[in-house]
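K.L.:
Provided below are the primary sequence and the corresponding predicted coordinates.
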Amino acid sequence: MAKYSDTIDLYDDEGKLLKSGVALDKISPLVNPATRKIIDLTKRTISVNLGGMEKGLRAGKVGKGQILGRELDLDIVANKDAIIAKIKEMVEVEEGDTEIKEFNGGQLILVEVPKVRLEAASTYDAAITAVASATTYALIDQFDIDAFDGSMVKAACWGGYPHTVDMSGAGVTSILNIPQNNEGLGYALRNIPVNHTVMITQRNAMQGAALSATLEQAGEFEMGAAIGPFERAQLLLYAYQGLNANNLVYDLVKANGATGTIGTVVQSLVERAIEDGVITPGKKGGYFQFYDTKDPMLWNAYTAAGTMAATMVNCGAGRFAQAVSSTLLYFNDLLEHETGLPGCDYGRVMGTAVGFSFFSHSIYGGGGPGIFNGNHVVTRHAAGVAIPCVVAAAALDAGTQMFTPEGTSKIMGDTYGQIDVFSKPIQEIAKGV
């Protein structure tokens, strides 16, 4: 029996119907198998840059430094089969429970750590530590490295750790940051840089928004923000903004993409909300028409979809990611003035946008929207609905950022981006309902 009476139609990134009459709870990260698979693999898959470690060791570069005179000339990629076999043997708990995928001719590998390692641990650290240790030992064993040079191999795999809190400059990486860098309870899945998501979804703005929304909303569930009546609120936000429910985002972008502005997206959204019965004309105050809603949660979901569409229209027209913060702010400011109803996330998106604008590219400088995440002190405040818009903007960007997705996150696209559940989450989640 469905938990909620709401039903939605799911459309893909080309505006084609995938599933109709879907009960709202079927997209929940607690229920949908594709969503659970995304979360599971996010925790259990570890990338190992064999080619990068070979080049680094040859130049004496480990962590984020270089030690002249400590160079090691190891044919790591040429011996990849033996090294992969050693890693698999050490990481697996039972035969067949560890999968390793190769990319770029074995330059990169992706290790899927057994579930039991995480079940027997208190945090997701167990995945990266197991792979880093196994890779270190595999290289030392394969090339008969002595005690003097072992520390260089270890640093190539582990980076600066434990001299740094995280594994700074490591050849073994996870899509997740370390728990110590999470801003509070439940922030791990929100602590993934925008540029990572952009590359994983091959710069597809709608797929990127869907993956980001999946991780952000799973984080909202994890931090206790989707309990009781608030669960429906978060699921509606996820459905309409992230999964293009009822083709709302696609329709708004299509109607405004050629000649539209943030203001015309406001008009289109209000017209659609009236047509769908989400809002109705209320009292008049002089020349101003107020609007009412009997379902503030659904209206909030519409505002989130509108914010996403406005981002795609504005940042897509300019091919610049930098405009996303002002779009988050002024779309909702205009929407509030147009309707007399609260903007996205009841004002928190506007509040987030003010600080985000300052820190990403204003007086302060920062580094551009692509290196932010939902765990950042500036962008953490909105309930999972700001960062998906930033991902869409960065996907549409044509190189205006100081730190481009290709520059910071290419390895994510080359590994995680080759797995359908990550690169095409809209279709995979629809299959799972």
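P.N.:
Here it is on my side, so go on. Numbering: from 1, shown residues only.
K.L.:
so what secondary structure elements neighbour the longest helix seen in the chain?
P.N.:
When the chain is scanned for its longest helix (criterion: DSSP state H), the result is helix 296-318. Identification of packing neighbours for helix 296-318 by 3 or more CB pairs under 8 Å, 6 or more residues apart in numbering; DSSP states H and E yields helix 205-222, helix 230-237, helix 248-256, helix 262-275, helix 324-339, helix 387-396. In this view, the C-beta of every residue, glycine as well, is placed from N, C-alpha and C.
K.L.:
Adding mean pLDDT, write the ones you listed out as CSV.
P.N.:
Compiled in CSV, the helices and strands packed on helix 296-318 are given as follows (pLDDT from 0 to 100):
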stretch, mean pLDDT
helix 205-222, 98
helix 230-237, 98
helix 248-256, 98
helix 262-275, 98
helix 324-339, 97
helix 387-396, 98
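K.L.:
Deepest in the core, which of these is it.
P.N.:
Of all the helices and strands packed on helix 296-318, helix 387-396 has the most neighbours on average by mean count of other CB atoms under 10 Å, namely a mean of 31.
K.L.:
If you count contacts, what does that one end up packed against?
P.N.:
If you count contacts as 3+ CB pairs under 8 Å, 6+ apart, helix 387-396 packs onto helix 194-200, helix 205-222, helix 296-318, helix 324-339.
K.L.:
quick revisit: if you count neighbours, what's buried in the longest helix of the chain?
P.N.:
Neighbour-count burial for helix 296-318 flags 297-317 (criterion: 16 or more other CB atoms under 10 Å).
K.L.:
got it, and stretch 222-229?
P.N.:
E222, M223, A225, A226.
K.L.:
okay but the first one is in contact with G186, surely?
P.N.:
This means E222. Yes. Using CB atoms under 8 Å, E222 is in contact with G186, at 3.7 Å.
K.L.:
And A34, how close does it get to V385?
P.N.:
The gap separating A34 from V385 is 21 Å, by CB to CB, to the nearest Å.
K.L.:
For the residue of the chain positioned farthest from its centre, give me its contacts.
P.N.:
Using CA atoms, centre = their mean, the residue of the chain lying farthest from its centre is G286. It sits 45.0 Å away. Neighbouring residues of G286 by CB atoms under 8 Å, 6 or more residues apart in numbering: there are none.
K.L.:
which of A34 and V385 has more neighbours?
P.N.:
A side-by-side neighbour count of A34 and V385, using other CB atoms under 10 Å, places V385 first with 32 against 22.
K.L.:
Run a quick neighbour tally on the nearest residue to V377 once chain neighbours are set aside.
P.N.:
Among residues not flanking V377 along the chain, E183 sits closest, at 6.5 Å (CB to CB, 6 or more residues apart in numbering). Using other CB under 10 Å, E183 is surrounded by 14 other residues.
K.L.:
quick one, what contacts E183?
P.N.:
By CB under 8 Å, 6+ apart, E183 lies in contact with N191, N375, H376, V377, R380.
K.L.:
Among those, which lie within strands?
P.N.:
Judged by DSSP state E, these include no members of strands.
K.L.:
got the CA coordinates for the helix or strand of the chain with the lowest mean pLDDT in PDB?
P.N.:
Here the helix or strand of the chain ranked lowest by mean pLDDT, DSSP states H and E is helix 348-361, holding a mean of 89. Extracted in PDB, the C-alpha atoms of helix 348-361 (Å, rounded to 0.1, in the frame of the first residue of the first chain):
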ATOM      1  CA  ARG A 348      16.600  29.300   2.500                       C
ATOM      2  CA  VAL A 349      17.700  29.100  -1.200                       C
ATOM      3  CA  MET A 350      17.800  32.900  -1.300                       C
ATOM      4  CA  GLY A 351      19.800  33.000   1.900                       C
ATOM      5  CA  THR A 352      22.200  30.400   0.600                       C
ATOM      6  CA  ALA A 353      22.600  32.300  -2.700                       C
ATOM      7  CA  VAL A 354      23.700  35.500  -1.000                       C
ATOM      8  CA  GLY A 355      26.600  33.900   0.800                       C
ATOM      9  CA  PHE A 356      27.400  31.600  -2.200                       C
ATOM     10  CA  SER A 357      27.700  34.600  -4.500                       C
ATOM     11  CA  PHE A 358      30.200  36.300  -2.200                       C
ATOM     12  CA  PHE A 359      32.300  33.100  -1.600                       C
ATOM     13  CA  SER A 360      32.300  31.700  -5.100                       C
ATOM     14  CA  HIS A 361      33.300  34.700  -7.200                       C
END
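K.L.:
okay, the closest residue to R44 other than its chain neighbours: pLDDT?
P.N.:
Leaving aside its chain neighbours, R44 sits nearest to V113 (4.8 Å; criterion: CB to CB, 6+ apart). Looking at V113, its pLDDT is 98.
K.L.:
do the same with the one 4 residues further on
P.N.:
At R117 the predicted local distance difference test score is 98.
K.L.:
what about the residue nearest to it when sequence neighbours are not counted, which helix or strand?
P.N.:
With CB to CB, 6+ apart as the criterion, R117 has its nearest non-adjacent residue at 4.8 Å, and that residue is A126. Element membership of A126, judged by DSSP states H and E, is helix 125-142.
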